[in-house]
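Enquirer: Prediction below, plus the sequence it came from.
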Amino acid sequence: MASLGDAAFMVRRLVARLRRDRLEDDLRDEIAQHIDARRQQLIDDGMDPREAAYEARRSFGNATVIREETRDMWSFQWIESLLQDTRFGARLLRRSPIFTLAAVSSLAIGIGSAAAVFSLADSALFRTLPVPDPQRLVLFRWISGPEMPFHSLNGFGKQSETESSSTSFALSAFEATREKLADQADVVGFADLYRASLSVDGRAEIVSAQVVSGDYFKALGLSAAAGRLLQPADDDAAAAPAAVISHDFWRRSFGGTAAAVGRTFTLNNVSFTIAGVLPPAFVGAMQVGQPCDVMVPMSTYQAVARSDEDPRNPNYWWVLMMARLRPAVTAAHIQPTADLVVKQGVAAAMPEFPADKLPRVRIEPGQRGQTEIRGEIREPIQIMAGVVLVVLLVACANVANLLLARGRARAREVAVRSAIGAPRARVLQQLLTEGLLLGLLASAAGLVLAQWISSALLPAIAADPESLTIRYALDLRIVAFTCALGIGCSILFALFPALRTTDGALTLGLHESSRGTVGARHRFAGGGALVVMQVALSLLLLSTAALLAWSSARLQNVDPGFDAEGLLTLSVDGTLNG
Amino acid sequence: MLGIDRIRRTCSHSVSMGKIRTDRQELLPGTLDMLILKTLSRQVMHGYGVAEHIRQVSSDVLKVEEGSLYPALQRLQLQGLVASEWGQSANNRRARYYRLTAAGRRALGESESSFSRLMDAIARVMKPAT
């Protein structure tokens, strides 16, 4: 009820603000009439007319003050003064273009780098799969001792002295898990075909492809952008081979026309008909930045994979599993079943495997897809975030220094404003608004810069940036982040100089002209501290940058064990011949 | 430095000189709104009428600076307690008439009862029943 009343109050105020001129005329009329009526009354009571006019005015009080008081009620004081400050600040910035350019470009580099790293981190580490309810997705990982519970593995495997682990399973394990967990979760399988040769109308190209189980899209909750997605019926050796293509590939190779649905192509010499197109954002649940162009049913794996292995061999582990948990089911509920299935599978396929060392299954969060590459690039991104933070702080210190120097030049202006009655808070607001203006200008420039900065940063994240499609994308999250950063920085760099400029402004500023610069000496203690901070931050920056360079060099220069100087590599894959 | 301090002091001095001694009573803070609402609860009035009414009924004891009535009326309007419209005055001039809204009537009831509680309490302290 109170909030409703407040809202009504605000609306009435807003209406009053919009009709302000009219209201002011009304009030002026009303006051004039009041004074006139009082005068008439006094004359009627027998007072001398001149005396009465004076007395009526006196008993009314200060009409100008009353009009002002009423006007303040109609207007939103802070918006008015904010607009005023912004106009004044913009004029000042236009009048000193060199200062503006220096401050904005210095900040834009800092803010742009931060936006670039945020964008990379966002797409690589934070973003979840573009499917409904991604929190309910889980991945399966087996962990065992150093002994390998299989003969051959396709996928990411980790092996150390004491432990080996992977997310690849035997086809039989996938099928048994899916069946046993049918009441608790929708378990789907998929596997990477890596680079495959796709040929359409005699035109061949290399694409990245995956096989998926028939219920993959239903479990993920996806619907087609055109045509239809794969269904369980497609995942059958007897079915006509159908495929779905990514939205990006659809646009790239088929111009995004609906006629693409129903076209045929060959993938590694196997013929497929395009059933439909994936929704725009979805590029599979594989490693981060590893998008998929084409998805075909799992039943075609043996024909398409060009693998010598029999996919039904229980000792060939190649299926990645993902599950969507039903409501009220947790990872802990399904772990024992999956664990048992895998243990039984290994025990049956490898009777000689020690029974106490059978692999155990761990359920991992799956809302971001497969995790191995993400784990690798986390550290470089963290270091990079540290570096850009320091770059940003140095930029802020730079601008703070510039503002401080300018504040000295503006001391007189501030002093005059204070002398004619501006409270300190009002002057502070003016200076902070100018800072905010700089910050927002720099944010806009930074958003543009971020695009180049991020492509320059990519090589530091991954040894092979071409394989990663983590790209800078200008979206609402980045814009919001950058604006917030700009505002935060503005406060950081503008507050201290503004406090110093307004500190004792009245006395010092006014006397500056008569006393020369004698009074200026003691005012710069804070400036010294700023310079010290700048030097310290720069040193920190230098050492962190060196660390980053070293770690990226380590990523790129893995010692091949032979002299690689002057060698070129060329890869020819005859089997991909479309 | 001294010069400016002196200027400030002179200013504040002149402000205190501006106050004129009077036998009329200053209003208790916050009571002006209640007086306006009470006055308007009897009939629709223009601003001058409200001031006259308060002056006459209180037999010139309550000192309402007439000008301060107008910001108060604006505030009450923004709060939705009072509404106004322009009409003809008795001597055939354009005048703005104020009237109480339903919300204003409720607010008046609330402030009246809290005011009378306050008055009772003060009266009991000042004239204890011996």
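Expert: Sure thing, it's come through.
Enquirer: I'd like the mean pLDDT over stretch A:96-116, please.
Expert: Mean pLDDT, computed over stretch A:96-116, is 89.
Enquirer: Show residues contacting that stretch.
Expert: Residues from elsewhere that reach stretch A:96-116 (C-beta atoms under 8 Å, 6 or more residues apart in numbering or on different chains): A:93-94, A:387-389, A:391-396, A:398-399, A:402-403, A:406, A:438-439, A:441-443, A:445-451, A:453-454, A:457, A:472, A:478, A:481-482, A:485-486, A:489, A:493. Bear in mind the C-beta positions are built from the backbone N, C-alpha and C, glycine included.
Enquirer: Of those, which belong to helices?
Expert: Using DSSP state H, the subset of the contacts of stretch A:96-116 located in helices is A:93-94, A:387-389, A:391-396, A:398-399, A:402-403, A:406, A:438-439, A:441-443, A:445-451, A:453-454, A:457, A:478, A:481-482, A:485-486, A:489, A:493.
Enquirer: Mark which of those are buried, thanks.
Expert: A:93, A:387-389, A:391-396, A:398-399, A:402-403, A:406, A:438-439, A:441-443, A:445-447, A:449-451, A:453-454, A:457, A:478, A:481-482, A:485-486, A:489, A:493 (16 or more other C-beta atoms under 10 Å in any protein chain shown).
Enquirer: for A:Met47, what are its contacts?
Expert: Neighbour list for A:Met47: A:Glu55 [criterion: C-beta under 8 Å, 6+ apart].
Enquirer: Look up how far chain B lies from it.
Expert: Noted for A:Met47: a distance of 15 Å to chain B, by C-beta to the nearest C-beta, to the nearest Å.
Enquirer: Next, that residue: secondary structure please.
Expert: Following DSSP: H, G, I helix; E, B strand; the rest coil, the label given to A:Met47 is coil.
Enquirer: Have a look at chain A and report its longest strand.
Expert: strand A:185-200 (DSSP state E).
Enquirer: Buried by neighbour count: which residues of it qualify?
Expert: For strand A:185-200, burial by neighbour count (16+ other C-beta under 10 Å) applies to A:185-193, A:196-200.
Enquirer: Using CSV, lay out the residues you listed together with pLDDT and distance to chain B.
Expert: Formatted as CSV, these follow (pLDDT from 0 to 100; distance: C-beta to the nearest C-beta, whole Å):
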residue, pLDDT, distance to chain B
A:Ala185, 92, 57
A:Asp186, 93, 57
A:Val187, 93, 61
A:Val188, 93, 60
A:Gly189, 93, 65
A:Phe190, 91, 63
A:Ala191, 90, 68
A:Asp192, 88, 67
A:Leu193, 87, 70
A:Ala196, 88, 71
A:Ser197, 89, 74
A:Leu198, 90, 70
A:Ser199, 90, 75
A:Val200, 89, 70
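Enquirer: biggest separation within these, which pair?
Expert: The distance between the two most remote of the buried residues of strand A:185-200 (C-beta to C-beta) is 37.9 Å, for A:Ala185 and A:Ser199.
Enquirer: which ones are touching B:Leu100?
Expert: B:Leu37, B:Leu40, B:Ser41, B:Leu81, B:Val82, B:Leu108.
Enquirer: got the buried residues of strand A:185-200 as a markdown table, with distance to A:Leu83 columns?
Expert: Formatted as a markdown table, these follow (distance: C-beta to C-beta, whole Å):
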| residue | distance to A:Leu83 |
| --- | --- |
| A:Ala185 | 57 |
| A:Asp186 | 56 |
| A:Val187 | 60 |
| A:Val188 | 56 |
| A:Gly189 | 61 |
| A:Phe190 | 56 |
| A:Ala191 | 60 |
| A:Asp192 | 57 |
| A:Leu193 | 60 |
| A:Ala196 | 60 |
| A:Ser197 | 62 |
| A:Leu198 | 58 |
| A:Ser199 | 63 |
| A:Val200 | 59 |
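Enquirer: Quick check: residues of chain B near chain A?
Expert: B:1, B:4, B:46-48, B:51-52, B:65-68, B:70-71, B:74-75, B:77-80, B:86, B:89, B:93-96 (C-beta under 8 Å from any C-beta of the partner chain).
Enquirer: Those in helices, which ones?
Expert: B:Ile4, B:Gly47, B:Tyr48, B:Ala51, B:Glu52, B:Tyr70, B:Pro71, B:Gln74, B:Arg75, B:Gln77, B:Leu78.
Enquirer: Going through those, which ones are buried?
Expert: B:Gly47, B:Tyr48, B:Ala51, B:Glu52, B:Tyr70, B:Pro71, B:Gln74, B:Arg75, B:Gln77, B:Leu78.
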